[in-house]
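1. model this:
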Amino acid sequence: MKVLIYSAHRFEKTFLENASQGKHQLSYSVYALDKNTAKLAQNYEAIALFTSDDASADVLEILHKCGVRFIALRSVGYNNVDLEKAKSLGIKVANVPAYSPYSVAEHSVALLMALNRKLVLGQKLMKKNDFSLDQLIGFDLHGKTVGIVGTGKIGAAFANIMKGFGCKLLAFDLHKNEELISHTSIIYTSLEDLCKQSDVISLHCPLNSTTQCLFDKKLFSIMKKGVFFINTARGGIVKTQDLIAALENKTIAAAGLDVYENEKDIFFRNHLNNVIVDDVFDKLRSLPNVLITGHQAFLTNEALTGIAETTFKNIKDWESKGQSDNDL
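-> Down below sits the predicted model:
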């Protein structure tokens, strides 16, 4: 099967080719999928998409006319695909429902620890030959209350790590993870109660119509003063301007973010010679108590291997039996 890979990044090419095992004719496009680039898929039966690609209804119409019948997502999330339209056109869509959950969970911990122990500031001071410690006071995680929003594979992995630190764990999820309860004694509660009690809040839920801008002024206003806020899930779960306000009024002591509400035209690209026109993002990254990474939480050898292997397993299954276990 001929496969066109949109939003192709150099860091994933080796993993994709290893997973393909030379059984597919791969082509790479550095461009994201949209109305203007959909025509690149002419005569391709399958395409592989990333989170930054746009597979809305109009784009799917163009893809269908080009001959595309299969869309393999290189991600867990699929909110960038109009599934109803794809179904009506007879285009099969499959995602990567799981890959190394430890990659994202461990990155969440890294953001938390870097913020708490002032690692970035400490390095800046050291490079200036300032070895004073007055600005570098953190706190013990042991004994603190950590609220986890979303206890799927990633949230559960994060919970287990925090349990190892000796933290009290609270959770909010529509479905209780009984195995996680038995291993960590995590307590499920309401989202409001979690916000009121937690010293640290970490997001691990999907982005959908229910969670879009879930964390806004209302939730931030009831949080425990001085909470640390971590988001390695999806940017759209948080209303960024309300987050900035909560940081400025010191409700939130620090925020570690791997995702951003309007990241689509910013992350995964080199803007060295360009001006980023986004006042909200500029304000967010200018705050001294904010640490932002560019959607890199998943970026480990294990996760990239898992994503690539599942992507091509979906394509192989389509070829051999017309459907994949991961069809959406």
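2. Let's test this: mean pLDDT of the helix or strand containing Ile244, rounded?
-> Secondary structure assigned from DSSP states H and E places Ile244 in helix 240-248. Mean pLDDT, helix 240-248: 98.
3. residues in contact with the following helix or strand past it?
-> Heading C-terminal from helix 240-248, the first helix or strand you meet, by DSSP H and E, is strand 252-257. With contacts defined as C-beta atoms under 8 Å, 6 or more residues apart in numbering, strand 252-257 is touched by 108, 111-112, 114-116, 220, 223, 226-232, 235, 243, 246-247, 284, 287, 289-293. Where C-beta positions appear, they are placed from N, C-alpha and C, glycine not excepted.
4. what's the angle from strand 252-257 to helix 240-248?
-> 140 degrees (axes from the mean of the first three to the mean of the last three C-alpha atoms, to 10 degrees).
5. centre of the chain versus strand 252-257, how much separation?
-> How far strand 252-257 lies from its chain's middle: 16 Å, per C-alpha atoms, centre = their mean, to the nearest Å.
6. which non-adjacent residue is nearest the most centrally placed residue in the chain?
-> The centre of the chain sits closest to Ala233, judged by C-alpha atoms, centre = their mean, with a distance of 4.0 Å. Computed as C-beta to C-beta, 6 or more residues apart in numbering, the closest residue to Ala233 that is not its neighbour in sequence is Leu203, at 4.4 Å.
7. In contact with the one you found, which residues?
-> Val149, Gly150, Phe215, Ile230, Asn231, Thr232, Ala233, Ile237, Val238.
8. quick one on the thing from earlier: filter the contacts of strand 252-257 down to just the buried residues.
-> 108, 111-112, 114-116, 220, 223, 227-232, 235, 243, 246-247, 284, 289-293 (16 or more other C-beta atoms under 10 Å).
9. Doesn't Ala48 lie inside a strand?
-> Yes - counting by DSSP: H, G, I helix; E, B strand; the rest coil, Ala48 is located in a strand.
10. Now tell me what touches stretch 30-44 from outside.
-> 2-4, 6-8, 27, 29, 47, 49-50, 52-55, 58-59, 62-63, 66-68.
11. Filter these down to the ones in helices?
-> Residues of the contacts of stretch 30-44 located in helices (DSSP state H): Asp58, Val59, Ile62, Leu63, Cys66.
12. Apply the buried test to the contacts of stretch 30-44 and list what passes.
-> 3-4, 6-8, 29, 47, 49-50, 52-55, 59, 62-63, 66, 68.
13. picking up where we left off before, what's the closest of the contacts of Leu203 to Gly22?
-> Within these, proximity to Gly22 (C-beta to C-beta) peaks at Thr232, which comes in at 34.3 Å.
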